[in-house]
Structure formats: C-alpha cells, structure tokens
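I would like to see how this sequence folds:
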Amino acid sequence: MPGIRTEVTEIVTGLGTLGIATLDEAAWRLPLELTNVEDSHWRRLHAALGDPVYADAVASAWENGRAFLQARDGLRGRLPLTVEWKGPHRPPGYDSLPADLRIDHVYLVSCKYLSKILANPSPAHLFERALAVRGSRSASDWFMSVAEDAYRVFYDEVRRTLESSAALPRDPSELTARDRERIKEACARRWPGALEAAYVEFSAEVSRRSADVWNRALPTLQDRELLLWRMLRLESAPYFILGSSGSSSLRLRVATPWDWRRAFELKDFEIVPETSAQPRIAWSAKVTRRSDAATLSVEGHVEIRWSHGRFCGSPEAKVYLDTPHEDVPGYFALV
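Have a look, this model is predicted:
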C-alpha cells in the first residue's frame, strides 16, 4: 500500500487535470471522470488536505495537474473524459511503465519525483544480463561468485577482528543468519580496527571484477545503447513525469527508444571501476544531438552493497544517475 503522501499527490495530480477552478471545489465530491478511487482513498485525501504536513506537496501536485492540462505536449486545454488512478494494485504481469495515472486511455503519467536511484537490481541482473531479462531476484552471493579469493581474505580479517565477541565459522558459506547479525551489530557504524583498510581493498577487487563482467556482457555499442535505454527507463510508449517534492516540481516528457534514436546518437559508453569506501563502478555515455551536433553526456555510478546491512541479505546493485534529470537526453521539459 502506498504511503499517504504518495496516494494524495497522485490523486490530486489527477484532479488538477480536470479543469476545475480550485482544489476545494475539485475535492468537494469525487468527480465521475476520476476512476478507481474508493471511498477509503477519498476519506484519506480529505484528512490530508487539512493537514499542514502535506500542504506543500498537495499544492505542487495540483499545479502539476493544471500544467499538464494546458501543456502543448499534454492535453492542450482539452478536458479529459477519464483519469484512471492505478493506485496500490499489483500489475498482472511484468509492467515496466512507471505510470500512476492513465488519462483518456492514452496519456501515461508518473507522479514520482525522480530519485537519483534509477534501479536497484541484483548484480547478476545488471552486470550479466544488462537488465534485459527479468526473473526472480537472485539469492546468490555476488561477492563470492565474482571475487571469491578477495572475499575469503576479507572474511578471515573479519573473523580475526571479531573473534573475542563472535564465534564465526571458518568458511563464509557456512554463516548462519545469527552469525550475520553478529557481524552487522559489531560493524554497524564503521568497520572496526584494520577492517576499514581491508574492506577498501576488497571493494576495489569487487569493483574491478564486476566492471569486467559488465564490459564483457556489452561487446557492441548497440548493446550499450540498449542498456542505457533500460537504465533511463525509456519504454515502448512515451510517458510523463509530474513529480512533486515539497514545494518543488519536476515536469518531463520521457521519450521512447524510437524518439531517442531520431534525436540522438550514442557515440560512446564507458564502464570504469572506482576506488571507494565500497564497491563502485562509474558509467558514462557520450551522445550527439542530431539537430545541432552538440555533444551531451550522461553520467552515473553503481554501488554494490549488502541489501540489509553488512553481511546481511543478498548483495544489490544500486544504479545512480549523477546528471540532473532535466539534462538527460530523452527527458524533455514539459511545454
């Protein structure tokens, strides 16, 4: 179930597209054009409208909806017949389009304020399959599979450092859930003693090996272009971002791969391991804009970490976008 703030901003954005003069008037009764909103949602909306905690987000969402109604890329002043809220439902299959509203069965709108985190897949899904094949999240230990020797050396240092407070097995593959919790508790804020330097060395090896796997999985520039589209969440249908975060808004039209190819050409895509306090890989794309031959760049990085704290949970690969969203080729400001 989405949080109250998320639920309210999505519904208010939909109300804003209906051409009603004020939010008070729009919220007086549930408009027939707004579908899939149940009585319980409507009651929570009314409670939130009177709560100053949500005031900025509500005002921003309302203005986003009104802006989409008037936008040349959006409804162009034409009042919608149907605004469908997707709400907390689970999609029946793999639904990759990040839409919260569907307007007149055509316009797909995401009401999320875009995070710098583009994706949070398993390392195997990102580095081996380049986000191309979606399956069940892998429970395998990426650290063990990609850098086993370095992992075992680091784990031996962990055992020696923590031997007075935790009796740990010699082989990291034999760690129990309780063993992992002991390590997590002992190393919660920072790695104790010499483990800090040992972890940096281990991280560097994981970064190098993971970057090697990723580069091998992308032998051609076309392979790298497909990965870039997947990371930027370019889909087969265009959609819109009408995001609200406090009093600020982000309004974008997200292109399809076909649109992207017509407007841009990928010239290079680099994957480089970085030395950091944790496994980290930098990625960058060099793009030419066809209209004026300008060179544009998109930059980001991937951080590999345990999903539930040190030595707890399967490793995950967080994909970050370091370039501002409005400067990304394929993300167009709503006009």
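
residues touching the lengthiest helix in the chain, excluding its own?
Across the chain, the longest stretch assigned as helix under DSSP state H is helix 195-216. With Cβ atoms under 8 Å, 6 or more residues apart in numbering as the test, helix 195-216 has contacts from 123, 126-128, 130, 142-143, 146-147, 150-151, 153-154, 157-158, 161, 187, 190-191, 271-281, 302, 304. For every residue, glycine as well, the C-beta is placed using N, CA and C.

how distant is that helix from the center of its chain?
23 Å (Cα atoms, centre = their mean, to the nearest Å).

send the alpha carbons of that helix over as CSV?
The C-alpha trace of helix 195-216 is given here as CSV (Å, rounded to 0.1, in the frame of the first residue of the first chain):
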residue,chain,number,x,y,z
LEU,A,195,38.9,-3.8,8.8
GLU,A,196,38.4,-0.4,7.2
ALA,A,197,41.5,-0.7,5.1
ALA,A,198,40.8,-4.4,4.4
TYR,A,199,37.3,-3.5,3.2
VAL,A,200,38.6,-0.8,0.8
GLU,A,201,40.9,-3.4,-0.7
PHE,A,202,38.2,-5.9,-1.0
SER,A,203,35.9,-3.3,-2.5
ALA,A,204,38.4,-2.4,-5.2
GLU,A,205,38.6,-6.0,-6.3
VAL,A,206,34.8,-6.4,-6.4
SER,A,207,34.7,-3.2,-8.5
ARG,A,208,37.3,-4.4,-10.9
ARG,A,209,35.8,-7.8,-11.4
SER,A,210,32.2,-6.5,-11.7
ALA,A,211,33.2,-4.0,-14.3
ASP,A,212,35.0,-6.7,-16.2
VAL,A,213,31.8,-8.8,-16.2
TRP,A,214,29.7,-5.8,-17.2
ASN,A,215,32.0,-4.9,-20.1
ARG,A,216,32.1,-8.4,-21.4
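
what's the helix or strand just after it in contact with?
As assigned by DSSP states H and E, the chain's next helix or strand after helix 195-216 is helix 221-231. Contacting residues not belonging to helix 221-231 are listed as 118-119, 130-132, 217-218, 257, 260, 266, 268-269, 285, 298, 300, 319, 321, 330 [Cβ under 8 Å, 6+ apart].

now Arg29: phi and psi?
Dihedral pair for Arg29: phi -150, psi 160, per degrees, to the nearest 10.

what about it, neighbour count?
Counted with other Cβ atoms under 10 Å, the neighbours of Arg29 add up to 8.

about what we covered before: could I get the buried residue list for the longest helix of the chain?
Residues 195, 198-199, 202-211, 213-215 are the ones in helix 195-216 that count as buried (16 or more other Cβ atoms under 10 Å).

swap in stretch 26-36?
Judged by neighbour count (16+ other Cβ under 10 Å), stretch 26-36 contains these buried residues: 26-27, 30, 33-34.

show residues contacting it.
11, 14-16, 18, 20, 37, 42, 45-46, 49, 80-87.

helix or strand for the residue nearest to Tyr113 when sequence neighbours are not counted, which one?
Nearest non-adjacent residue to Tyr113, counting by Cβ to Cβ, 6 or more residues apart in numbering: Gly243, 3.4 Å away. In this assignment (DSSP H and E), Gly243 forms part of strand 239-245.

other SSEs contacting the next helix or strand after that strand?
Sequence-wise, the next helix or strand downstream of strand 239-245 (DSSP H and E) is strand 248-254. Under the contact criterion of 3 or more Cβ pairs under 8 Å, 6 or more residues apart in numbering; DSSP states H and E, strand 248-254 touches helix 55-70, strand 239-245, strand 331-333.

quick check: angle from the second one to strand 248-254?
Compare the direction of strand 239-245 with that of strand 248-254 by axes from the mean of the first three to the mean of the last three Cα atoms, to 10 degrees and you get 170 degrees.

what pairs with strand 239-245, parallel or antiparallel?
strand 107-110 (parallel), strand 248-254 (antiparallel) (DSSP bridges).

weakest of the ones you listed by average pLDDT?
Lowest mean pLDDT of these: strand 248-254, a mean of 89.

restrict it to CA atoms and write it as PDB.
The C-alpha trace of strand 248-254 is given here as PDB (Å, rounded to 0.1, in the frame of the first residue of the first chain):
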ATOM      1  CA  SER A 248       9.200  21.900  -6.000                       C
ATOM      2  CA  SER A 249       8.000  20.100  -9.100                       C
ATOM      3  CA  LEU A 250       9.600  18.200 -12.000                       C
ATOM      4  CA  ARG A 251       7.600  18.000 -15.200                       C
ATOM      5  CA  LEU A 252       9.100  15.900 -18.000                       C
ATOM      6  CA  ARG A 253       8.100  14.000 -21.200                       C
ATOM      7  CA  VAL A 254      10.100  10.800 -21.400                       C
END
